[in-house]
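J.: whatever this is, show me its structure:
(one chain, ligands or ions: 2)
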Amino acid sequence: MIRSVVLTVIFSCTSLLTVFAGEGMWLPLLLKALNEEEMQGMGMKMSAEDIYSVNQGSLKDAIAHFGGFCTSEVISDQGLLLTNHHCGYSEIQSHSTLENNYLKDGFWADSKGDELPNPGLFAKFIERIEDVSAIILEGTENVTTDAERNSIIDKNITAYKATLKLAKFRDIEIKPFFNTNQYFAFITISYPDVRLVGAPPESIGKFGADTDNWEWPRHTGDFALFRIYADENNEPAEYSPNNVAYAPKHSLPISLDGVEEGDFTLVFGFPGRTRQYLPSHAVKQTLEVLNPAKIQIRENALDIVGKKMREDAEIKLKYASKFASIANYWKKWIGESLGLEKTNALDKKRAFEKELVSRNPEVKRYLKEFDQYYSEIEPYALVKDYYSEISGRNVELLRVASITKRLLDRYENNGEDAYNGFAQRVIPFFESLYKNYDPNVDKLVFESLIEMYKENLDAKYVPAGLRGSAQALADKVYSNSILADGDKLLSLLKGAPKDAMSMLSNDAGYQLYTDWSALYNEKAATKYSAINAKIDSLQRLYMKSQMLAFPEKKFYPDANSTMRVTYGQVNGYEPKDGVWYNPVTSLGGVIAKYVPDDYEFDVHPKLIELYQDKDYGQYADSEGKMPVCFLGSNHTTGGNSGSPAIDAYGNLIGLNFDRVWEGTMSDINYDKSICRNIMVDARYILFVIDKFANAGHLIDEMQLVNPKSSNINLINPTDDGKTCCKDGSNCGNCDSSMCTPDGLCKTCKKCMKKGKPCKKHKNCCKS
Ligand code: ARG
Ligand code: ASP
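T.: Numbers count the residues shown, from 1 in each chain. Ligands and ions are numbered 1, 2, ... in the order given. Have a look, this model is predicted:
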């Protein structure tokens, strides 16, 4: 009897506690302590030092935060950078004209001189990560209020930063972890000259577009190539024609061996935001109140814009990118809610809470407070989501109004110089916004969403200006407001700020926005923030109590756009009863989805030809098929797009770009059974570059390796680039008698540089 009780307790605890292999976004500097053993047990042949080291070149030196919103990786010793097509989308778009439409037709620079600069874009590497918790939290142990605690932390951060001398383009970012229970510092180096090298046409890079987005089986070649440039000393520098290709500390070799079910995978990148440690009350609110509202708002907007896009080719062009980005999270939230329900996330959270209380009775009080705070915050959170979806996202006229208001506030509060400084950024932004703006479409969205706002929210949140018929209001605003006319607004903002002030103070659209935002701040935002501060503070205690109550469990911090490693395996999954999804797709699947001239599923004739001729070169799989995408059980989120998928040895095998629909709830509740990330197979990328685009000169820069067939030590080369053997000797002469069956030079094989023959032997054994 006792034995069975004990067993039940152990059993139920472990099932609540298990961090599945696959779950977790780990800090690279803690891998040795927390993960190395498990990773090696899963098949990894590297050490934690090979992945993250401050003393020697390691994988982390090849990984760069791309523009601060995606991930990218260096794949040649000349700074060639790989990321997703959707991450480079706006750069590709900005270089496109109707005559040279790189989105539609693709772009390939023939030589470095043809690579295209992108002002504002940067690639940021992590030089070092440090645990600075003791320094940043010093003096906070005995304080009683959060205000006091926060002010000490702010002072400590300022003081700590002041001790560091940072050269240009270097920075230190100090970020809170585990709800401010810990702090880590990231010492970074940013390269601001990043040029576009190549991109496939959208019919490859965005194949399947919104219909296939967040879905498996997938057939998208979602990649683009950039290059980092540096000055003659390999130091970061603003764009200059004199800059040269950056020589990285490490670049990823690329495996030609491909993947199969069960293979170890590691994804290295900058995941944006997850919320794994919330109480059930928060998850319930997301599931029952906030997700449904946001989904419905976007659905209404998308219905209107989609209909107009189908009716009018010009509108289709103007709204393609906006539509895709609004649809992206609309679809994600639907998948997230379905997944939370399907995996009984709420029940699991509640069971966990019960267990936590049994270990620490104090938690009972936290949960009671959460219950109270989450019900108090609910109406404000709903208004907040409505307000920001409508005025900050879906109705462009209101979005323009909000940015214009910030501009005019600068003038009032900080004077003309501040106005001019901000205007310099706002004006180009508005110029590109109005290029793709149609007031008639915007007006319909305005009318529909205002209607919805009034219908679903309490009257006290509705400003006087919104009362009455939404249609009449839309007529009035869109026929009178200067905000509906980009040319007029831009010339006003380029003139004297005083004139803009007086003009806009009588503008129907601007006035509507300012009245609404004042009411929103008074009735919702201030109250939301006050309760949210209490939730944050309680969440810190709750997080700490979870860590203390389960000392045997390994905790990973929520994503916060800092560098992380996640690892898992190539794995299919069961999306529903009786259905099994294989983890690998191939080019035959692209052809099967082909719909001539369709904007989502068209296929380029050259790709069809290569398929028909089975002209896959060295990139085909062992059955002669061309692989396209594969699935893994790596725990990823937004921001991981463009992250490298790396094999057991440290080679690139794929490029992360998405997750499966059933598993998008991984941001709140990772579940090994259905959470999968989607990657483009590296061989498809190479095939497109080489065979489709005839850009073989780019392949020549890369290091292609066969780690499965040749048992070689892949990273930490001692090589200086001239001699390739570790003992310092060079490779000797090359002739075909020296070639091994797998196409490598025998002498060279003993002294591989990063798994690749030395320069001299690069080609002699190829046949
Ligand atoms: N769902 C992926 C991510 O969240 C890809 C989005 C890009 N594609 C698109 N059709 N919007 O970013
Ligand atoms: N597609 C996402 C990104 O752009 C990745 C994801 O959410 O899984 O970062």
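
J.: run a quick neighbour tally on Glu288.
T.: 12 (other CB atoms under 10 Å). Heads up, the C-betas are built off the backbone N, CA and C, glycines and all.

J.: residue contacts, the residue of the stretch 101-250 of the chain found nearest ligand 1?
T.: The stretch 101-250 of the chain approaches ligand 1 most closely through Asn213 (4.0 Å), counting by CB to the nearest ligand atom. The neighbours of Asn213, taking CB atoms under 8 Å, 6 or more residues apart in numbering as the test, are 324, 327-328, 331, 658.

J.: from the chain's centroid, how far away is stretch 225-238?
T.: Taking CA atoms, centre = their mean, to the nearest Å, one finds stretch 225-238 lying 24 Å from the centre of the chain it belongs to.

J.: and what of stretch 318-330?
T.: The answer for stretch 318-330 is 16 Å, by CA atoms, centre = their mean.

J.: again, but for stretch 598-615
T.: Worked out by CA atoms, centre = their mean, stretch 598-615 lies 29 Å from the chain centre.

J.: ends of that stretch, what's the gap?
T.: One end of stretch 598-615 sits 25 Å from the other (CA to CA, to the nearest Å).

J.: in that stretch, what counts as buried?
T.: 600-604, 607, 610-611 (16 or more other CB atoms under 10 Å).

J.: closest one of those residues to ligand 1?
T.: The closest of these, once distances to ligand 1 are taken by CB to the nearest ligand atom, is Glu600, at 9.0 Å.

J.: now the closest one: closest residue in space that isn't a chain neighbour?
T.: Spatially, and ignoring its direct neighbours in sequence, Glu600 is nearest to Ala209 (4.0 Å; CB to CB, 6 or more residues apart in numbering).

J.: same question, Gly465
T.: Leu512 is the one closest to Gly465 (CB to CB, 6+ apart), at 4.7 Å.

J.: distance of whichever residue of the chain sits closest to ligand 2 relative to ligand 1?
T.: Closest to ligand 2 within the chain is Ser641: 3.0 Å, counting by CB to the nearest ligand atom. For Ser641, the distance to ligand 1 (CB to the nearest ligand atom, to the nearest Å) stands at 5 Å.

J.: how many neighbours does Glu522 have?
T.: 10.

J.: so who does it touch?
T.: Here Glu522 is in contact with no residue (CB under 8 Å, 6+ apart).

J.: hang on, isn't Lys649 packed against Ser47?
T.: For residue 649 the amino acid is Tyr, not Lys. No: judged on CB atoms under 8 Å, Tyr649 makes no contact with Ser47 at a distance of 11.6 Å.

J.: tell me which helix or strand comes right after the lowest-mean-pLDDT helix or strand in the chain.
T.: One helix or strand of the chain scores below all others by mean pLDDT, DSSP states H and E: helix 2-17, with a mean of 37. Next helix or strand after helix 2-17 toward the C-terminus (DSSP states H and E): helix 31-34.

J.: which other helices and strands contact that next one?
T.: helix 48-51 (3 or more CB pairs under 8 Å, 6 or more residues apart in numbering; DSSP states H and E).
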